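K.L.:
here's a sequence, model it:
(chains A and B)
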Number of protein chains: 2
Amino acid sequence: MRTAFYISDGTAITSEVFGHALLSMFPMEFEHVTIPFVETEQHAKRVLKQIKGAFDESGERPLVFYTILNAEVARFIGSSVGINYNFLDQFVAPVEKVLGLPAKPQKHRTHSMHEQTYDIRIEAVNYALANDDGSNLKDYKEADIILVGVSRSGKTPTSLYLALQYGIKAANYPFTEEDMGDVLKLPPILKRYKDKLFGLTITADRLHAIRSERRPNSRYASKQQCRMELREVENVYRKEKIPFLSSTKFSVEEISAKILAETGLKRKKY
Amino acid sequence: MRTAFYISDGTAITSEVFGHALLSMFPMEFEHVTIPFVETEQHAKRVLKQIKGAFDESGERPLVFYTILNAEVARFIGSSVGINYNFLDQFVAPVEKVLGLPAKPQKHRTHSMHEQTYDIRIEAVNYALANDDGSNLKDYKEADIILVGVSRSGKTPTSLYLALQYGIKAANYPFTEEDMGDVLKLPPILKRYKDKLFGLTITADRLHAIRSERRPNSRYASKQQCRMELREVENVYRKEKIPFLSSTKFSVEEISAKILAETGLKRKKY
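P.N.:
Reported below is the predicted structural model:
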């Protein structure tokens, strides 16, 4: 199998994201290898050997996606036996021309610690944890958004992703049997923060499958129960005009991006 | 201020990551605007107006980073009054040549739901939550890694990031006063899983600052206490040969990348 290398003097996240996006257009499999923090010529030389090794093993020249600021180290990697893509490089000159400003690369700037936004993210993660699953209603006034939905509809991973990636304080509240009664009503605490609510839903089949892994053959996991709960919450979303989306076919990245796009919520970190 | 747009028919994460990495080389500020899920010509036309609006307001042509698979929609965005970078596009032809295979773009593949790896990530998030802060020692045999360290040294955000981004099951265990006694000893449960341990440490000043926000003027937050705890854990790391790093100057992305690089731990999701 052909190997794709993602190499950087930082986390290599930029190389990975770019390389994956490009390779995902091709209907074939790759062996992916990420090598972060390549900061010295000695390290670069070891990497060259690793690339050579992958070439020798598969007989196919590896693809090498890299971003490295140190010119000497970059030159080393660019001399590998692979097919080398220093993909940011070729955009630097045109952007310099547009901005009328020479580039001044600062080491590791993209995914490194920015004092201002870093604490915001950690605080948002702590907030999401403290306000997971309806555990802490008193902090709702601090929330940037409150995700609502039935148990296992994707609220917790989404709230953590919003916190980690964007520094957004997302609480989440699960509608429970107690809220349902005969007809599901919005609990008073949620009414008070109605403009912060965002609903998640999911298909009954998928919910049934997820809950069955957790508690096989329970009433909680039964299709009938799943269908009933989903019907109730979707009715409430419509009646109360709460924006909502179905998490069934979407990744946590997509759900988060859709929520930001729909609500206009501003991320604290870009 | 000049605006940078990140536009896609998917999440626009690829455009954001690429655009940020490029713009971070320039010592100036931008207004960042992400527009995901641009899938129709009507939507594209609205986006063109928004780009024009940003131009009219600032007098500076916006930078437009985009990846869009639908050729018609892409053409629209590429005709904006901004400076347009369809940055993946120019790599497609050379990679086709290398692979001897035409590109077959599939919509939204990069950050969308991949059945196989998606459940792994959600399961890893649930695992990290259930095994946060030493709350659930009995599941340690399932852990891919167990992060150890004093309270507030960065274990929880790191374990969540490892789960969400890589599908890695990361437990975390805080060393407490009880573990410390006269001299900190590794609790028996951790001894049993010693090959899974990874230590975090932090400077006493930073720890003091973080803890002071949480519990001002407490013994817990005092510099003396922070120094003592850190001395003890670092001694244990060295004595027991537990790999460790300092979280003081690193983002959660960097800490995670360093952990993967040092331990050789394989990500479940690329």
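K.L.:
check contacts around residue A:228.
P.N.:
Listed by CB atoms under 8 Å, 6 or more residues apart in numbering or on different chains, the contact set of residue A:228 is empty. C-beta coordinates here come from the backbone N, C-alpha and C atoms, glycine included.
K.L.:
assign a three-state SS to it, would you?
P.N.:
Secondary structure of residue A:228, reduced to three states by DSSP: H, G, I helix; E, B strand; the rest coil: helix.
K.L.:
which positions in the helix or strand residue A:57 falls within come out as buried?
P.N.:
Applying DSSP states H and E as the criterion places residue A:57 in helix A:41-58. Counting neighbours by 16 or more other CB atoms under 10 Å in any protein chain shown, one finds that the buried residues in helix A:41-58 are A:43, A:44, A:47, A:48, A:50, A:51, A:54, A:55.
K.L.:
once you drop chain neighbours, what's closest to the last one?
P.N.:
This means residue A:55. The spatially closest residue to residue A:55, leaving aside those adjacent along the chain, is residue A:81, at 5.2 Å (CB to CB, 6 or more residues apart in numbering or on different chains).
K.L.:
what sits against the closest residue to residue A:120 other than its chain neighbours?
P.N.:
Taking CB to CB, 6+ apart as the measure, residue A:120 lies nearest to residue A:167, with 4.0 Å between them; neighbours along the chain are not counted. Taking CB under 8 Å, 6+ apart, we find residue A:167 in contact with A:117, A:120, A:121, A:123, A:124, A:267, A:268, A:269.
K.L.:
what is the most widely separated pair among those?
P.N.:
Greatest spacing in the contacts of residue A:167, by CB to CB: A:123 and A:267 (14.1 Å).
K.L.:
please name every helix or strand in contact with the helix or strand that comes right after the helix holding residue A:57.
P.N.:
Heading C-terminal from helix A:41-58, the first helix or strand you meet, by DSSP H and E, is strand A:63-67. Helices and strands touching strand A:63-67, by 3 or more CB pairs under 8 Å, 6 or more residues apart in numbering or on different chains; DSSP states H and E, are strand A:3-8, helix A:13-23, helix A:71-78, strand A:83-85.
K.L.:
what's in contact with strand A:63-67?
P.N.:
Strand A:63-67 is contacted from outside by A:2-10, A:12, A:14-16, A:18-19, A:22-23, A:30, A:51, A:74, A:77-78, A:80, A:82-88, B:21, B:95, B:98, using CB under 8 Å, 6+ apart.
K.L.:
so for it, mean pLDDT?
P.N.:
Strand A:63-67 shows a mean pLDDT of 96.
K.L.:
same check, this time on stretch A:89-96
P.N.:
What stretch A:89-96 shows for mean pLDDT is 90.
K.L.:
how close does the most far-flung residue of chain A relative to its centre get to residue B:177?
P.N.:
No residue in chain A has its C-alpha farther from the mean C-alpha position than residue A:182, which lies at 37.3 Å (CA atoms, centre = their mean). Distance of residue A:182 to residue B:177, given as CB to CB, to the nearest Å: 51 Å.
K.L.:
now stretch A:207-227: buried residues?
P.N.:
A:207, A:208, A:210, A:211, A:212, A:221, A:225, A:226.
K.L.:
against residue A:62, how distant is residue A:177?
P.N.:
In this view, residue A:177 and residue A:62 are 55 Å apart by CB to CB.
K.L.:
the two - which one has more neighbours?
P.N.:
Neighbour count, other CB atoms under 10 Å in any protein chain shown: between residue A:177 and residue A:62, residue A:62 has more, with 24 against 11.
K.L.:
and the stretch 51-200 of chain A, which residues reach chain B?
P.N.:
Listed as neighbours of chain B in the stretch 51-200 of chain A under the rule CB under 8 Å from any CB of the partner chain: A:61, A:63, A:67, A:83, A:85, A:87-88, A:91-92, A:95-96, A:98-99, A:101, A:103-106, A:108-114, A:118, A:121-122, A:125-126, A:129, A:132, A:156-157, A:160-161, A:164.
K.L.:
who's in contact with the helix or strand bottoming out on mean pLDDT in chain A?
P.N.:
The helix or strand of chain A with the poorest confidence is helix A:177-180; it has a mean of 79 (mean pLDDT, DSSP states H and E). Outside helix A:177-180, the residues that touch it by CB under 8 Å, 6+ apart are A:185, A:187, A:229, A:232.
K.L.:
beyond it, next helix or strand please.
P.N.:
Using DSSP H and E, the helix or strand that follows helix A:177-180 towards the C-terminus is helix A:188-192.
K.L.:
much appreciated, bye for now.
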